[in-house]
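S.K.: Show me the folded form of this:
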Amino acid sequence: MTTSPIHVIGGGLAGSEAAWQIAQAGVPVILHEMRKDDSSGKVTTDAHQTDGLAEMVCSNSFRSDDWQFNAVGLLHAEMRRCDSIIMSAADQHQVPAGGALAVDRDGFSEEVTRRLEAHPLVTIVREEIAGLPPEAWDNVIVATGPLTSPALAQAVLDLSGEGQLSFFDAIAPIIHLESIDMDKAWRQSRYDKEGPGGDAAAYINCPMNKEQYEAFIDALLEGPKAEFKEWENVPYFDGCLPIEVMAERGRETLRHGPMKPVGLTNPRDPTVKSYAIVQLRQDNALGTLWNMVGFQTKLKHGVQAETFRMIPGLENAQFARLGGLHRNTFINSPKLLDRGLRLKAAPRMRFAGQVTGVEGYVESAAIGLLAGRFAAAERKGGSLEAPPPTTALGALVEHITGGHMDGGSFQPMNINYGLLPPLEAPKVDEEGKKIPLKERGRAKKRLMSIRALKDLDAWLAN
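M.R.: Below is the predicted model of the structure:
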């Protein structure tokens, strides 16, 4: 009996990884890539330069390769355990970059292309899929990335019933809870108003006096701003103006907008009214990550942390994600996808890569890896659960399909330890020696990484 092929749309890192995982599982796969360079003409995107599979557009870095103390390094290690073509090709074409994993971009893309072209169960078709895939394709993975073709994007939008699919991210920074100084900040909702869960202290509040506020406004106005690529043509929407644009409209604008102090009282000094207050809202179900409300920004990353650490209570803030404003295309995954990355409105279609709401090359490939394994298991008559959320792979699936607090404000995210269930920071090491207080956070990361790899091995064994 001949096994029907699985179709993968998009030959970027996610699509290439998905196709590899499917083929390695013994299932035929057809990989559709719209970029081509031959006698029939050249089709590219605004960002790509070649027709190679897994072309890296913006950077040649996979970031840190340290599995013990860095979440993306942990993700590298997990993907290597899962026979990732992306990690294998990256390792083969690595270039010196200290503790980071950086690659020769051309060699890396050529290696991925060569391996997929040589695989007996992989067929590569150079064509654009305009609109929804044909109904005859009963098992499809859409891995079209942030530059999804307009026809396919519109078709998915119509099918999902969402009002918007392709738009520009206005991203606010996200902070690890444990790095917030709660001796200065406090929990309270404005006017002590209870939320749907009955919590009248749903926000963390960081107070500012007039002098602190004025210095902060100066830093916003003077800080270097990110420039956009010509093809991005980034618009501003009234509901998501960058904070520095609001500051440019008047020095008092922010304290009458996202930094307004009304309805909030500092319990440590209740008779003194704060001049301005920065609020943070819980961002994930675990309660480990908190979003700076209304703080979308185009400040360059190099100055963001320095500027935001001027805020009382955030002097030692550790950022899971810095802010930004850029072009992107992604679906509202917590609302639209199930835990198997299937579109609820059309379960024959899975989504993978950056279009699902993960950020970064490695994260995109990781979701492609899982989508490929899920699809192959289904084609073979079985099913496959996602890895446990204690793993980096499982934590990414958890975030995009259910770990986010509010699907209406869902935003892309890199892998970080805040997405994994927390552990208590150890006080002694494996030899029983006391760990200095400033080193306990690092020791906790190592324990979380060890737990993740152990749990992933158990998942693979089963």
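S.K.: Report the secondary structure state of Ala219.
M.R.: In three-state terms, and counting by DSSP: H, G, I helix; E, B strand; the rest coil, Ala219 is helix.
S.K.: quick one: it from Lys298, how far?
M.R.: Here Ala219 is placed at a distance of 14 Å from Lys298 (C-beta to C-beta, to the nearest Å). For the C-beta atoms, the positions are set from N, CA and C on the backbone; glycine is no exception.
S.K.: Those two: who's more crowded?
M.R.: Shown here are Ala219 and Lys298; by other C-beta atoms under 10 Å, Lys298 has more neighbours (23 against 17).
S.K.: Have a look at this structure and report the helix or strand with the lowest mean pLDDT.
M.R.: One helix or strand of the chain scores below all others by mean pLDDT, DSSP states H and E: strand 41-43, with a mean of 49.
S.K.: Would you mark the buried spots in the helix or strand that it is followed by?
M.R.: Later in the chain than strand 41-43, the nearest helix or strand by DSSP states H and E is strand 61-64. Within strand 61-64, the residues that count as buried by 16 or more other C-beta atoms under 10 Å are 61-64.
S.K.: all strands of the stretch 51-200 of the chain, in order?
M.R.: Taking DSSP state E, counting those that start in this stretch, the strands of the stretch 51-200 of the chain run over residues 61-64, 94-95, 100-103, 122-126, 140-142, 166-171, 174-176, 186-187.
S.K.: Val278 looks like it's in a helix, true?
M.R.: No: under three-state DSSP, Val278 sits outside any helix and is assigned strand.
S.K.: Numbering from 90 from now on, please.
M.R.: Yes, from this point I'll number from 90; that puts the last item at Val367.
S.K.: Look up which residues are beta-bridged to it.
M.R.: Val367 has the following beta-bridge partners by DSSP bridges: Cys295.
S.K.: burial of it, as a residue count?
M.R.: Neighbour count of Val367, defined by other C-beta under 10 Å: 27.
S.K.: That one against Tyr302, yeah?
M.R.: No: here Val367 does not reach Tyr302: they are 9.9 Å apart, not a contact under C-beta atoms under 8 Å.
S.K.: what residues do the two have in common as contacts?
M.R.: Residues touching both Val367 and Tyr302 by C-beta atoms under 8 Å, 6 or more residues apart in numbering: Met348.
S.K.: how about low-confidence regions in the stretch 190-339 of the chain?
M.R.: Across the stretch 190-339 of the chain, residues meeting the criterion (pLDDT under 70) sit at 235-236, 251-259, 283-289, 316-329.
S.K.: that older thread, may I see the strands of the stretch 140-289 of the chain organised as TSV, with distance to Arg462 added?
M.R.: Below are the strands of the stretch 140-289 of the chain laid out as TSV (distance: least, C-beta to C-beta, whole Å):
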stretch	distance to Arg462
strand 150-153	21
strand 183-184	25
strand 189-192	23
strand 211-215	16
strand 229-231	11
strand 255-260	28
strand 263-265	29
strand 275-276	41
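S.K.: Determine which stretch of those is the most buried.
M.R.: strand 229-231 (a mean of 28; mean count of other C-beta atoms under 10 Å).
S.K.: how about the buried residues of strand 150-153 in TSV, adding pLDDT and distance to Ile218?
M.R.: Below are those laid out as TSV (pLDDT from 0 to 100; distance: C-beta to C-beta, whole Å):
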residue	pLDDT	distance to Ile218
Ser150	79	30
Phe151	91	28
Arg152	89	31
Ser153	90	35
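S.K.: Using CSV, lay out the residues you listed together with distance to His265.
M.R.: Supplementary listing: the buried residues of strand 150-153 in CSV, determined by distance: C-beta to C-beta, whole Å:
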residue, distance to His265
Ser150, 23
Phe151, 22
Arg152, 18
Ser153, 17
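S.K.: which of these lies closest to Val184?
M.R.: Among these, Ser150 lies closest to Val184 (C-beta to C-beta), at 9.7 Å.
S.K.: Just grab the bridge partners of the closest one for me.
M.R.: Beta-bridge pairing for Ser150 (DSSP bridges): Ala191.
S.K.: What residues sit buried inside whichever strand or helix holds Met438?
M.R.: Secondary structure from DSSP H and E places Met438 in strand 435-440. Residues 435, 438-440 are the ones in strand 435-440 that count as buried (16+ other C-beta under 10 Å).
S.K.: now swap in stretch 504-521 and tell me
M.R.: For stretch 504-521, burial by neighbour count (16+ other C-beta under 10 Å) applies to 504-509, 514.
S.K.: swap in stretch 292-310?
M.R.: 292-297, 301-302, 305-306, 308-309.
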